[in-house]
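**Student:** show me the folded form of this:
(one chain, ligands or ions: 2)
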Amino acid sequence: MMDIRHTDSQIVEDQDTWNELVIMGQEDQPHLAEQDAQDHKALVPTGTERRHLLVSFAVEEFEVPPSVCIEEMSLFPEWHLPLKLTGVLMALTFLYTFMRDVLQPFVSQGRSDFYKVPILVVNKTLPWTAISLLALVYLPGVLAGLLQLQRGTKYRPFPVWLERWMSMRKQLGLLAFFLAVLHSIYSLCYPMRRSYRYKLLNWAFQQVQRNQEDSWIADDVWRMEVYVSLGITGLGLLALLAITSLPSVTDTLNWREFVWMQRSLGYVALVVCTAHALVYGWRKWVEPKHFVWYTPPSFILASLLPATVLLIKAVLLLPCLNRRLEQIHRGWVRPCPLKERQVLGKDSLTDGAPKTL
Ligand SMILES: Cc1cc2nc3c(=O)[nH]c(=O)nc-3n(C[C@H](O)[C@H](O)[C@H](O)COP(=O)(O)OP(=O)(O)OC[C@H]3O[C@@H](n4cnc5c(N)ncnc54)[C@H](O)[C@@H]3O)c2cc1C
Ligand code: HEM
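**Tutor:** Ligands and ions are numbered 1, 2, ... in the order given. Got it, this is the predicted structure:
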């Protein structure tokens, strides 16, 4: 690839030198001019030849340079674990939803609801996984905070598993965003489905049979307006986070701006998305018909992890704990208790003696 690029630029240089030589030659030895012009034509590539060179350059762009050993290059190494985790979560949530929404009606009432699998079941799996991944982005941060409070210092390293978890938060966050986008598109397509149209017609017919003129239920209307609005806001916030993680955008922000965006907007996004799931659930918490085969509805399980993370964060934000955590971040170290200092002092004096009083 490099050779051809070199040759191409060399040709331009050669052409310039040649032009100079031709001019000089024509002045000094006019009898050579005609011959030189012919040679010049032969040396300098024509338009077609140049195009050919460019094409071969473009094709060779895709060739692996000899210095690269493909076997030694791993493919997206930092994405392996986040992708595996996403796969496991999706499989579990899919099985749970399939069991409740498809298997249960089939086994209990002989009703075939398998048509729900491609959209309705998938569209419960996607947001459940997305919100769980989002919670997993912010869980290590609060765990780290608790650990620092317990240790009374920031100078002791975190356990290896926590370090590893913290280092894959970007990937988890971007996967959460991707699944949330898919969930939004699936949700907005609900009214397009034929099954939805048939159901709507059936409901209208049943309403006529009941001689009911108005089917407006204010409670339900409010529920939907609010949860869809929260969903759109949550998605918008996640999109902002995803945009700031693009290297070209990250480079334009200073460290404080980046951390503020990721931390503050991230937590707001988690609050809004959790609220979206809870408002979607509304009163289903207390309606026994939603506890199919004694299992809770998926939105309850989906909200558990993010609600736990938000609860721990709220506790850490209590002024007494928040002040201490800020001190720790500024470098404060909790002084050792007197007894511990005595042990340390005695140990340093009595070298080799047992390390207990
Ligand atoms: C769509 C999306 C995209 C994302 N893109 C990125 C990305 O590009 N890059 C990225 O890094 N993350 C990214 N994330 C992940 C996420 O936003 C960040 O990990 C977020 O900053 C976590 O905030 P936190 O407060 O929980 O953790 P942190 O800010 O990492 O804090 C964790 C803990 O460390 C301790 N700590 C904090 N400050 C100090 C201090 N000064 N000294 C000592 N200890 C301290 C505290 O105990 C704190 O609880 C993305 C997330 C999403 C959803
Ligand atoms: C444009 C944005 C969004 C729209 C229109 C939307 C719409 C919906 C709809 C229609 C449902 C009900 C699904 C059903 O009945 O099967 C739902 C549920 C849910 N949504 Fe969203 N949503 C959006 C964004 C989000 C985001 C960003 C998240 C979080 C990552 C999220 C998480 C959830 C959860 C957890 C549920 C409950 C699913 C369950 O029953 O288990 N949504 N949303």
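
**Student:** need the residues of this protein near ligand 1, please.
**Tutor:** Residues of the chain lying close to ligand 1 (Cβ under 6 Å from any ligand atom) are 134, 137-138, 141, 144-145, 148, 154, 169-170, 173-174, 176-177, 238, 241-242, 245, 262-263, 266, 329. Every C-beta, even on glycine, is put in place using the N, C-alpha and C of the backbone.

**Student:** which of these are buried?
**Tutor:** When burial is judged by neighbour count using 16 or more other Cβ atoms under 10 Å, the buried members of the residues of the chain next to ligand 1 are 134, 137-138, 141, 144-145, 148, 154, 169-170, 173-174, 176-177, 238, 241-242, 245, 262, 266.

**Student:** the residues of the chain next to ligand 1 in helices, which ones?
**Tutor:** 134, 137-138, 141, 144-145, 148, 169-170, 173-174, 176-177, 238, 241-242, 266, 329 (DSSP state H).

**Student:** next, count neighbours for residue 167.
**Tutor:** Counted by other Cβ atoms under 10 Å, the residues lying close to residue 167 total 12.

**Student:** give the helix, strand or coil label for the residue nearest to it when sequence neighbours are not counted.
**Tutor:** Counting by Cβ to Cβ, 6 or more residues apart in numbering, residue 78 is the residue found nearest to residue 167 once chain neighbours are left out, at 7.8 Å. Recorded secondary structure, residue 78: helix (DSSP: H, G, I helix; E, B strand; the rest coil).

**Student:** equivalent analysis for residue 156, please.
**Tutor:** Residue 156 falls in the coil class when you classify it by three-state DSSP.

**Student:** and for residue 213?
**Tutor:** Three-state assignment for residue 213 (three-state DSSP): coil.

**Student:** now it: phi and psi?
**Tutor:** Here the main-chain torsion angles of residue 213 (degrees, to the nearest 10) amount to phi -80, psi -40.

**Student:** swap in residue 110?
**Tutor:** Reported as degrees, to the nearest 10, the phi and psi values for residue 110 are phi 70, psi 20.

**Student:** quick check: residues of the chain near ligand 2?
**Tutor:** Listed as neighbours of ligand 2 in the chain under the rule Cβ under 6 Å from any ligand atom: 120, 123-124, 127-128, 130-131, 134, 180, 183-184, 187-188, 228, 231-232, 234-235, 238, 273, 276-277, 280, 298-299, 302.

**Student:** just the C-alphas of stretch 174-190, formatted as CSV.
**Tutor:** Taking Å, rounded to 0.1, in the frame of the first residue of the first chain, the C-alpha atoms of stretch 174-190 are listed here in CSV:
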residue,chain,number,x,y,z
LEU,A,174,-23.8,1.9,25.6
LEU,A,175,-25.4,-1.5,25.4
ALA,A,176,-28.2,-0.2,27.7
PHE,A,177,-28.7,2.7,25.3
PHE,A,178,-28.8,0.4,22.3
LEU,A,179,-31.4,-1.9,23.8
ALA,A,180,-33.4,1.2,25.0
VAL,A,181,-33.4,2.5,21.4
LEU,A,182,-34.7,-0.9,20.1
HIS,A,183,-37.4,-0.9,22.9
SER,A,184,-38.5,2.6,21.9
ILE,A,185,-38.8,1.6,18.2
TYR,A,186,-40.7,-1.6,19.1
SER,A,187,-43.1,0.3,21.4
LEU,A,188,-43.8,3.0,18.8
CYS,A,189,-44.7,0.3,16.3
TYR,A,190,-47.4,-1.3,18.6
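
**Student:** outside of that stretch itself, list whatever touches it.
**Tutor:** Outside stretch 174-190, the residues that touch it by Cβ atoms under 8 Å, 6 or more residues apart in numbering are 82-83, 86, 119, 122-123, 126-127, 129-131, 133-134, 137, 196, 231-232, 234-235, 238-239, 241-242, 245, 273.

**Student:** if any of those are buried, put those into a ChimeraX selection.
**Tutor:** ChimeraX command restricting the contacts of stretch 174-190 to the buried ones, with burial defined by 16+ other Cβ under 10 Å:
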select :82,86,119,122,123,126,127,129,130,131,133,134,137,231,234,235,238,241,242,245,273
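
**Student:** before we move on, the earlier item: show the pLDDT at the residue nearest to residue 167.
**Tutor:** What the model reports as pLDDT for residue 78 is 95.

**Student:** just give me the neighbour total for it.
**Tutor:** Using other Cβ under 10 Å: residue 78 sits among 11 other residues.

**Student:** for it, list the residues it contacts.
**Tutor:** Remark: with contacts taken as Cβ under 8 Å, 6+ apart, residue 78 is in contact with 167-168, 171.

**Student:** so the residue in the chain that ligand 2 sits nearest to is in which element?
**Tutor:** Ranked by Cβ to the nearest ligand atom, the top residue of the chain for proximity to ligand 2 is residue 231, at 2.7 Å. In this assignment (DSSP states H and E), residue 231 forms part of helix 218-244.

**Student:** quick one: distance of the following helix or strand past that helix to the chain centre.
**Tutor:** Past helix 218-244, heading to the C-terminal end, the next element that is a helix or strand (DSSP H and E) is helix 247-250. Once both centres are worked out by Cα atoms, centre = their mean, to the nearest Å, helix 247-250 turns out to sit 15 Å from its chain's centre.
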